[in-house]
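*Asks:* Could you work out the structure for the sequence below:
(one chain, ligands or ions: 1)
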Amino acid sequence: MSRISEILDYNRKFVEDKEYEAYITDKFPFKKLAIVTCMDTRLVELLPKAMNLRNGDAKLIKIAGAIINHPFGSAMRSVLVAIYELGAEEVIVVGHLGCGMTGLNANQVISSMKKRGISDDVFNTLENSGIKLENWLHGFDNEKDGVIHTVDIIKKHPLLPPGLPVHGMLIDPTTGKLELVVNGQEHI
Ligand code: ZN
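*Replies:* Predicted coordinates:
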């Protein structure tokens with residue numbers, strides 16, 4: 001059975017059995033939190049459980065490494081929409097130990113792309129358009145620096161409401177233990 005038909009079969013039963021009823025809520029984050037975190041598979045269930053988040057509690061924005069590099073990219077837009085449209089009053093950036101974005105090797109990724117059939121022409125065209133893949137595919141040297149960097153980008157954003165706390169944390173992807181890296185209350 002293909003992955004998609006497996007999902008659809010499961011889904012039919014999920015809806016029929018009204019399993020969704022346990023999750024009904026609305027789009028406004030009950031705990032007034034926006035959380036920027038990593039797409040790591042180990043955090044899918046662990047992070048909400050370890051932070052006591054239930055459905056409806058927080059806006060969860062997931063990006064590789066929890067890294068926001070572009071002040072006007074879609075991740076930062078999500079943070080601003082969470083604040084202005086959906087009522088988030090605090091932002092928490094949650095990086096994690098053992099993140100795949102630590103020491104991400106851009107050249108290795110590029111060589112995998114080539115092996116999967118992306119031609120040199122494509123790389124030349126991108127380079128000529130001023131896109132620096134080496135920078136774009138760069139992660140961070142250590143997870144703590146990654147969190148501090150993203151907190152900084154959000155904190156310094158010209159459209160962030162003044163006084164809105166932006167915190168930084170690291171989570172252990174095995175135990176769920178949180179470490180406070182940046183206390184946003186102290187930086188207002
Ligand atoms: Zn990660």
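
*Asks:* Those residues of the protein touching the ion, which are they?
*Replies:* Contacts of the chain with the ion, taken as Cβ under 5 Å from the ion, map to Cys38, Asp40, Cys99. (C-beta placed from N, C-alpha, C; glycine too.)

*Asks:* Find me whatever residue is spatially closest to the first one, sequence neighbours aside.
*Replies:* Take Cys38 and drop its neighbours on the chain: the residue closest to it by Cβ to Cβ, 6 or more residues apart in numbering is Ala66, 4.7 Å away.

*Asks:* those helices in the protein, which residues are they?
*Replies:* For the chain, the helices defined by DSSP state H cover 3-16, 43-50, 74-84, 106-115, 120-128, 133-136, 143-155.

*Asks:* Can you name the residues in contact with the worst-scoring helix or strand of the chain on mean pLDDT?
*Replies:* For the chain, counting by mean pLDDT, DSSP states H and E, helix 133-136 ranks last in confidence among helices and strands (a mean of 88). Helix 133-136 has contacts (Cβ atoms under 8 Å, 6 or more residues apart in numbering) with Ala106, Asn107, Ile110, Phe123, Leu126, Glu127.

*Asks:* Need the winner for burial among the helices of the chain.
*Replies:* Comparing the helices of the chain by mean neighbour count (mean count of other Cβ atoms under 10 Å), helix 143-155 ranks first with a mean of 21.

*Asks:* what stretches of this structure score poorly on pLDDT?
*Replies:* 187-188 (pLDDT under 70).

*Asks:* domain assignment for it?
*Replies:* Domains of the chain are assigned by automatic domain parsing as 3-99+142-182, 105-138.

*Asks:* In space, what's closest to the residue most central in space within the chain - neighbours in sequence excluded?
*Replies:* When Cα atoms, centre = their mean is applied to the chain, the residue found nearest the centroid is Lys62 (2.5 Å). Distances taken as Cβ to Cβ, 6+ apart place Met39 nearest to Lys62, at 4.7 Å, with adjacent residues excluded.

*Asks:* Counting neighbours, what do you get for that neighbour?
*Replies:* Neighbourhood size, Met39 [other Cβ atoms under 10 Å]: 13.

*Asks:* For it, give me its contacts.
*Replies:* Met39 neighbours (Cβ under 8 Å, 6+ apart): Lys62, Ile63, Ala64.

*Asks:* make it 10 Å
*Replies:* Met39 makes contact with Lys62, Ile63, Ala64, Gly65, Ala66, Gly100, Met101 under the criterion Cβ atoms under 10 Å, 6 or more residues apart in numbering.
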